[in-house]
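Participant: sequence first, then the predicted structure:
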Amino acid sequence: MLNLETSRLLLRRWTDRDLLPMSRINGDPEVMQWIGEGTTRAEDQTKVFIERCEEMWETQGFGLFAVEIRETEELAGFVGLSVPTFLPEVMPSVEIGWRLGRSFWGKGIATEAAEETLRFGFEHCDLNKILSICQIGNIASEHIMQKLGMYLERETADPSCGRRVRVYAIERQNLTF
């Protein structure tokens, strides 16, 4: 089983014990306001989400990591790689994304986990370019993308919900951490 570690975090595959804390994260309207149409997800939807995360690992060799705080073993949310099929104009591509519970915001956790995930994508998955997509107005995620050294590639609309998005990118040779 693949795990990545940073000084504070364990990035790991999903377990049954992650369902309830991830359901709380997905059920928080403030967390979900920038995801798709901005609607929350119920526990059964979170269960399907976690199952799909695990399927991605099996079929693609990468996926979304459960992010655990090493000191407390709390689930903070996820960070990982996926294929952004919801935005056909950027295909084929791989996207890095994240979602953390509010109590973990503003602590550098998303950036720390994303740096390790980018390294994983470039070094172990042999990717040459990784995208990150956020809805316009999601300033916190855009700030993380910029801290990661990503550049704005384009603005467009997410056809699944009609909301405007920004697509950021980084190439392997531009990774600076």
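Facilitator: Yes, it's here. Source: prediction; values computed, not measured.
Participant: so which strand or helix has Thr111?
Facilitator: In this structure, Thr111 sits in helix 109-123 according to DSSP states H and E.
Participant: just checking, what packs against that helix?
Facilitator: Judged by 3 or more C-beta pairs under 8 Å, 6 or more residues apart in numbering; DSSP states H and E, helix 109-123 is in contact with strand 4-5, strand 9-12, strand 64-69, strand 75-82, strand 95-100, strand 129-135, helix 139-147. In this view, the C-beta of every residue, glycine as well, is placed from N, C-alpha and C.
Participant: mind putting the ones you listed into a markdown table with mean pLDDT, mean neighbour count and distance to Gly38?
Facilitator: Formatted as a markdown table, the helices and strands packed on helix 109-123 follow (pLDDT from 0 to 100; neighbours: other C-beta atoms under 10 Å; distance: least, C-beta to C-beta, whole Å):
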| stretch | mean pLDDT | mean neighbour count | distance to Gly38 |
| --- | --- | --- | --- |
| strand 4-5 | 97 | 15 | 30 |
| strand 9-12 | 98 | 19 | 27 |
| strand 64-69 | 98 | 24 | 20 |
| strand 75-82 | 98 | 24 | 17 |
| strand 95-100 | 98 | 22 | 13 |
| strand 129-135 | 98 | 21 | 9 |
| helix 139-147 | 97 | 16 | 14 |
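Participant: let's have these in JSON lines, adding distance to Gln173.
Facilitator: Shown next, in JSON lines, are the helices and strands packed on helix 109-123 (distance: least, C-beta to C-beta, whole Å):
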{"stretch": "strand 4-5", "distance to Gln173": "22"}
{"stretch": "strand 9-12", "distance to Gln173": "24"}
{"stretch": "strand 64-69", "distance to Gln173": "24"}
{"stretch": "strand 75-82", "distance to Gln173": "18"}
{"stretch": "strand 95-100", "distance to Gln173": "17"}
{"stretch": "strand 129-135", "distance to Gln173": "10"}
{"stretch": "helix 139-147", "distance to Gln173": "18"}
